[in-house]
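Peer 1: Predicted coordinates and the sequence they were generated for:
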Amino acid sequence: MGPSVLRPATHRAPRAWAAAAVSLALAALAMWLTPREALDWQPAAALPQPWRLWTAAFVHWSPQHLLANVLGCVAVAAFGIASQLPRYATWAWLVAWPLTHAALSIQPQLLHYGGLSGVLHAGVAVAALHLVWRERGRQAAVGWAVLAGLTIKLTLEQPWAGPTQAVSGWNIRIAPLAHVTGVASGLLCGALAEVIANCRPSLPR
C-alpha cells in the first residue's frame with residue numbers, strides 16, 4: 001500500500017503523536033520537584049509499586065537532564081508530524097512506554113533509573129519502523145537511515161559494559177540499557193500495530 005493511499009486517511013493523525021510528546025514533556029516539568037525515590041524505576045519495587053513503570057519517565061536527576069529530554073520531546077514530536085504518523089503509531093508508542101522500563105529488570109544492577117530517554121528512543125523506533133513498513137522512496141530511506149543510526153548509537157554506548165556510564169558533557173551518569181529497551185519495545189509495539197492495522201483496514205488512523 002503506497003503513500004498516496006495512506007495520506008488522505010492520516011492527515012490529522014500526527015496531532016495525537018504531538019499531543020503525546022508534549023504531554024510527556026509537561027508531566028516531566030510538573031514533577032521536577034516531586035521526591036524522586038517515590039517515582040523512579042527500582043527493580044526491587046517493580047512488583048509492589050507498578051506505577052513506577054510509568055512514573056520513571058518523569059524523574060530527572062539534574063536541570064540539564066530535564067532540559068535535554070524536554071528538547072527531545074520536541075524533536076520526537078516534529079519527527080512524528082513530518083512522518084504523518086497514524087493514530088495507531090501513537091498507541092504503539094504509549095504501550096512501549098511501560099515495557100521500556102519493565103525490560104530494565106534484565107540488568108538488576110541498575111538500582112535506580114529515571115528519565116524520558118528510553119521512552120523517546122521507543123518513539124523514534126516506532127516512527128522509523130512506520131516509514132520503513134508503509135512508505136516508499138525517500139520516506140522509506142529516512143526510516144532506514146534512522147534505524148541504522150539508532151543501531152550505531154546503541155552499539156557505541158556499550159550497554160553491556162555496566163548499568164551506568166559517565167559521558168563527557170553530562171553531569172549525570174547515563175543508563176544505556178534504557179535506550180536499548182526503548183528501541184526494542186518501540187520496534188515490537190510498532191510492528192504489532194502495523195500488523196493489526198493491516199488485518200483491520202477500518203482501524204482509526
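Peer 2: Okay, I see it.
Peer 1: Quick check: the closest residue to G114 other than its chain neighbours vs I152, distance?
Peer 2: Leaving aside its chain neighbours, G114 sits nearest to V59 (2.8 Å; criterion: CB to CB, 6 or more residues apart in numbering). For glycine as for every other residue, the C-beta is placed from the backbone atoms N, C-alpha and C. To I152, V59 is 28 Å away according to CB to CB, to the nearest Å.
Peer 1: Which one's more surrounded, those two?
Peer 2: The residue with more neighbours, out of V59 and I152, is V59; 25 against 10, by other CB atoms under 10 Å.
Peer 1: Sketch out the low-pLDDT regions of this protein for me.
Peer 2: Within the chain, the ranges that satisfy pLDDT under 70 run 1-13, 201-205.
Peer 1: can you map out the strands along it?
Peer 2: With DSSP state E as the criterion, the chain has strands at 165-166, 173-174.
Peer 1: Most tightly packed of the ones you listed?
Peer 2: strand 173-174 (a mean of 15; mean count of other CB atoms under 10 Å).
Peer 1: Remind me what that one packs against, helices and strands.
Peer 2: Where contact means 3 or more CB pairs under 8 Å, 6 or more residues apart in numbering; DSSP states H and E, strand 173-174 is packed against strand 165-166.
Peer 1: Mind listing the strands the strand it packs on pairs with, and their directions?
Peer 2: strand 173-174 (antiparallel) (DSSP bridges).
Peer 1: and A78, how far is that from L66?
Peer 2: Taking CB to CB, one finds A78 at 19 Å from L66.
Peer 1: whoops, I mixed them up, L120
Peer 2: Per CB to CB, L120 is found 13 Å from L66.
Peer 1: hang on, isn't A45 packed against W51?
Peer 2: No: counting by CB atoms under 8 Å, A45 stays clear of W51, with 9.7 Å between them.
Peer 1: List phi and psi for Q49.
Peer 2: Dihedral pair for Q49: phi -130, psi 70, per degrees, to the nearest 10.
Peer 1: how much space is there between it and P43?
Peer 2: Where P43 is concerned, Q49 sits at a distance of 11 Å (CB to CB).
Peer 1: which residues do these two both contact?
Peer 2: When CB atoms under 8 Å, 6 or more residues apart in numbering defines a contact, no residue borders Q49 and P43 alike.
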